[in-house]
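Q: please work out how this folds:
(one chain, ligands or ions: 1)
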Amino acid sequence: MPANRVPLTARRNGPLSGAVRVPGDKSMSIRALILGALTVGATRVGGLLEGEDALNTAKALQALGARIEHTGERQWLIHGVGVGGFAEPANALDFGNSGTGCRLALGAVAGCPVTATFDGDASLRSRPMQRVLDPLQRMGARTLASADGRLPLTLAGARDPMPIVFKPPVASAQLKSATLLAGLAAPGETVVIEAEATRDHTEKMLVHFGAKVRVEPEGGGRRITLTGQPEFIPRPVTVPADPSSAAFPLVAALLVPGSDVILNGVMMNPLRTGLLTTLAEMGARIERLEERNEGGEDVADLRIRAGALRGVEVPAARAPSMIDEYPILAVAAAFAEGMTVMRGLKELRVKESDRLAATAALLRANGVAVDIEGDDLIVHGKTRAAGGGTVTTHMDHRIAMAAIVLGLASDKPVQIDDGTFIATSFPGFVELMRSLSAELS
Ligand code: S3P
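A: Below you'll find the model as predicted:
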């Protein structure tokens, strides 16, 4: 925990209103930086998330030899070194709080004959890395030092990486992406077979840069085949607004009576819209306006109006399409009529915090009844929450923002112990919420 914690308090005020755009998508921003770094020539990225997770990834890529320039607001230019072209970094790479940056960079480095040490903050140091190291080691990378599959760890990339067929043991876009990025340097076909489809930004962006990727349905999931050693061509990337960040003002607008809010340019990739599906089932009034395609992704402006919600059952199969949205869904569920059951949340235990426990604790601290049964989270909605609690955020940006949204709609104010980690994914969150008339101090 940094010495300079920033406690924040959220309290109920009048309706939220206005039109805003949340920052660029975290997943796409990190992928754009990494693929730009793996492309010879200059890649222009517009709409990049200028949050700590993306900035830490950019710094790591600079230490690996890429030149990265900030050319204007959310405009960046990446001068890449090509697949297999990373230089050996002089110091440990510090990914801060970013699991995505770290795990995807592990994949990119695994295909290069360099040795690098990967590190991060206390939250990232507690998260499992062996799941990523397993396929990378099969491809020829070696782990030289690691405390039981966690950071800090030192990886020696493969001199002659080998393509593999990999079935990730958990539904994880990070695991899939790390394997595909390592596969870029291998001759022949690297195959990832995922039992459930996870966000497909890596596959789409690989194709955008000129790689050959085949995606076929297999079982309930997908078989992804990448042909290694592609000729990458620099191509501009446009990053739409992050649906996982949009989720916070969106749920706030649903819960604060009388609210009417527009969120502009939100990415609507169907592998990211599980929260919208769930909220629609709960009776939420969310309209998709101006549906369009921007830079290869579906995008829409969302109009959200406050209204009554009812509890629902969220099937485990939906988890990959809303994996980051359970804390904020749980807040919405507290204000719904009746019980909401969220099934199959095992992976939440290894996010930036143990999000299953942290989400339950945040609700309980504010008078909401919650049960955890196995990997399921059950929220007993009562259409209002008492509030009045102080929430421990455990270095987790999404727990912090979910607690603030709860405070905007509950009877008494809600305090969080530290708002600094919000900047990992949503710089300007407090200002954006205030521009909608939220009361935050
Ligand atoms: C991400 C994948 C998800 C998600 C994370 C971003 C990505 O993690 O929680 O915030 O960009 O690939 P897992 O792949 O570990 O589920």
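Q: who in this structure is up against the ligand?
A: Counting by Cβ under 6 Å from any ligand atom, the positions of the chain adjacent to the ligand are 27, 100, 172-174, 177, 199, 323-324, 347. (C-beta placed from N, C-alpha, C; glycine too.)
Q: out of these, grab the one that's most surrounded.
A: residue 177 (29 neighbours; other Cβ atoms under 10 Å).
Q: helix or strand: which one has the residue nearest to that one when sequence neighbours are not counted?
A: Nearest residue to residue 177 in three dimensions, chain neighbours excluded: residue 202, at 4.0 Å (Cβ to Cβ, 6 or more residues apart in numbering). If you go by DSSP states H and E, residue 202 is part of helix 201-208.
Q: save the residues of the chain next to the ligand as CSV, and put in pLDDT, secondary structure and distance to residue 111 too.
A: Formatted as CSV, those follow (pLDDT from 0 to 100; DSSP: H, G, I helix; E, B strand; the rest coil; distance: Cβ to Cβ, whole Å):
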residue, pLDDT, secondary structure, distance to residue 111
27, 98, helix, 21
100, 98, helix, 18
172, 98, coil, 19
173, 98, helix, 19
174, 98, helix, 16
177, 98, helix, 13
199, 98, coil, 22
323, 98, coil, 26
324, 98, coil, 28
347, 97, helix, 26
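Q: report the helix or strand with the lowest average pLDDT across this structure.
A: Least confident helix or strand, the chain: strand 142-147 with a mean of 86, by mean pLDDT, DSSP states H and E.
Q: what's that one in contact with?
A: Identification of contacts with strand 142-147 by Cβ atoms under 8 Å, 6 or more residues apart in numbering yields 115, 117, 129, 133, 137, 152-156, 158.
Q: does residue 240 touch residue 263 like I think?
A: No. Residue 240 lies out of contact with residue 263 (Cβ atoms under 8 Å); the separation is 11.2 Å.
Q: with residue 151 as the reference, measure out to residue 142.
A: Look at residue 142 and residue 151: by Cβ to Cβ, to the nearest Å, they are 16 Å apart.
Q: cool, residue 332 as well?
A: Taking Cβ to Cβ, one finds residue 332 at 33 Å from residue 151.
Q: pick out whichever of those two has more residues nearby.
A: Neighbour count, other Cβ under 10 Å: between residue 332 and residue 151, residue 332 has more, with 29 against 22.
Q: part of a helix, is that one?
A: Yes. Secondary structure assignment places residue 332 in a helix (DSSP: H, G, I helix; E, B strand; the rest coil).
Q: what's near enough to touch it?
A: Residue 332 sits next to 251, 254-255, 279, 282, 284, 309 when contact means Cβ under 8 Å, 6+ apart.
Q: I appreciate the help and will end here.
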